[in-house]
Structure formats: structure tokens, C-alpha cells
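**Q** Build me a model:
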Amino acid sequence: MRSERSIRRADLCLLVIDASSGVVSQDRRIAKMILDENKPCLVLLNKFDLYHPDAHFQDRIDQFREDLGDDLFFIPYAPKVAISAKNRQYITKVFDAVEKVIETAEHPVSTGILNRLLQTSIERNPPPVRQGKRLKLLYATQRRDDKAGPVPVPEYMLFVNHASLLTRTYERFLENQIRKEYPMEGLPFVFKVKSRVSKKKGA
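**A** Predicted coordinates:
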């Protein structure tokens, strides 16, 4: 409960994982809370000095990523930072990563580029037909709440023919296509979908 309250108040979350024991169920639950709240996030791999201590650092990083597998697949946007709090190793990397996330938040994907990436993605892989209809993107734009704090999470508003046609699977596909050119590491993608309003006859 304390974690949940802290996540809601936080501008940016640091999810600390014990590298010596790997991801546990509690880590997954907290990660889901962070994702549900659309919070910027970093994953800190603590006690990294105990993880294959005799191996080269980069080899240890690569091995951990392999061991981690899909354990944190639902929060893929969060960069991983290896540290040892006890030995005070690599702590400065945490602050460097935080600064990078803040800088990224200040420069979201522009409206023109956003529309280009989305339209190209839809043309290459059209959305599925649902109830005899296919999703059509009319226009997309990004907006920010300047009062949201030091790490504003950009929202991407999609104007479509019918909002109900956008599935979560296809939404993730669009997000992945955008992240190929603009990784936006540390930041969630928040899509807001709005249906086209049809004009009433005689109006």
C-alpha cells in the first residue's frame, strides 16, 4: 500500500530489483502499478556486485538481460541501470539516467512526425476488420500538461473514425513502431483515442 501511494505521488519511479535473486512476484506487482499509473520509470539492478562477480561488467549486463527474459516485458520502456548500493558503485549512473529521462520528456514526438510514423505504420500493417469496419486514423497530435511536474508525460491524441476499433494489441503495435525511431526511454506512451463526431442531419 505504501508503494502504491508513493507511485501515485512520484514524478519518476525507481523500481529496485535484487540482481542476485532476479525478478520476484512482488517486483512484477509493483511494475504493473507503475505501468497502470503511466509513470516514468527506471529499473535499478541492485547488488550487481554479487551477480557473476568474476566476469567482465558488460558480459554480466548481457547475461542478466538474457536471464531476465520477459520478466519485465510489461514495462519495456524503462531503462535498466546496474548498481551496488552497499559498495556505492555506479550510483552516478542513476542520476545520469534520470536527467536523460527528464530531457526526453521535454522533447516529445512532434505532431508532424507523429502523423507520418502512424500513417506509415498503418499502411504497412493495416488494422484488423472488426464488426465489418476498419480503424481509420484521421489525425494525431501530442499534448502536454505543463503543470504536471518536472517529468511531464506526453499524451498522444488519436482522432479516428471509431475509437472502439482500436484494440490494445494494435495500440502496442503503433507504439512499438514509433519507438523504433523515437525510443523515448523511461517514458510511457499514453494514447487518448477520440471518435469522429458525425454531423446530425439538418444541423
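
**Q** need the next SSE after the helix or strand of the chain with the lowest mean pLDDT, C-terminal direction.
**A** Taking mean pLDDT, DSSP states H and E as the measure, the helices and strands of the chain show their lowest mean at helix 57-68, namely a mean of 72. Of the helices and strands lying after helix 57-68 in sequence (DSSP states H and E), the nearest is strand 80-82.

**Q** Show me what the least confident helix or strand of the chain is packed up against.
**A** Helices and strands in packing contact with helix 57-68 are listed as strand 80-82; criterion 3 or more CB pairs under 8 Å, 6 or more residues apart in numbering; DSSP states H and E. All C-beta spots, glycine's among them, are computed from the backbone N, C-alpha and C.

**Q** helix or strand for residue 116, which one?
**A** Element membership for residue 116 (DSSP H and E) is helix 111-124.

**Q** Quick one: mean pLDDT for that helix?
**A** Mean pLDDT, taken over the full extent of helix 111-124, equals 94.

**Q** For the residue nearest to residue 196 when sequence neighbours are not counted, the count of nearby residues, please.
**A** The spatially closest residue to residue 196, leaving aside those adjacent along the chain, is residue 161, at 5.5 Å (CB to CB, 6 or more residues apart in numbering). Residues near residue 161, counting by other CB atoms under 10 Å, number 14.

**Q** quick thing: my sequence starts at 47, can you match it?
**A** Right, with 47 as the first residue, what we last looked at is residue 207.

**Q** List the residues that contact residue 207.
**A** 179, 181, 182, 184, 241, 242 (CB atoms under 8 Å, 6 or more residues apart in numbering).

**Q** Find me the pLDDT at it, would you?
**A** Residue 207 is assigned a predicted lDDT (pLDDT) of 94.

**Q** Hmm, residue 238 is touching residue 201, no?
**A** Yes - Residue 238 sits in contact with residue 201 when judged by CB atoms under 8 Å, with a separation of 5.5 Å.

**Q** what about those two, which has more around it?
**A** Neighbours per residue, other CB under 10 Å: of residue 238 and residue 201, the larger number sits with residue 201, 17 against 12.

**Q** Buried residues, the helix holding residue 162. List them.
**A** 160, 161, 163, 164, 167, 168 (16 or more other CB atoms under 10 Å).

**Q** Kindly report the same for stretch 67-76.
**A** Buried residues in stretch 67-76, counted by 16+ other CB under 10 Å: 69, 73, 76.

**Q** which residue ranges form the strands in the protein?
**A** With DSSP state E, the ranges of strands along the chain come out as 59-64, 87-92, 126-128, 175-176, 179-180, 183-189, 201-206, 236-241.

**Q** of all these, which lies closest to residue 147?
**A** For the strands of the chain, distance to residue 147 was read as CB to CB. The smallest value, 7.0 Å, belongs to strand 87-92.

**Q** Send me that closest one as PDB with only the CA atoms.
**A** Coordinates of the C-alpha atoms in strand 87-92 are reproduced here as PDB (Å, rounded to 0.1, in the frame of the first residue of the first chain):
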ATOM      1  CA  CYS A  87      10.400   4.700 -14.700                       C
ATOM      2  CA  LEU A  88      13.900   3.400 -14.300                       C
ATOM      3  CA  VAL A  89      14.800  -0.200 -13.200                       C
ATOM      4  CA  LEU A  90      17.700  -0.400 -10.800                       C
ATOM      5  CA  LEU A  91      19.500  -3.700 -10.700                       C
ATOM      6  CA  ASN A  92      20.900  -3.600  -7.200                       C
END
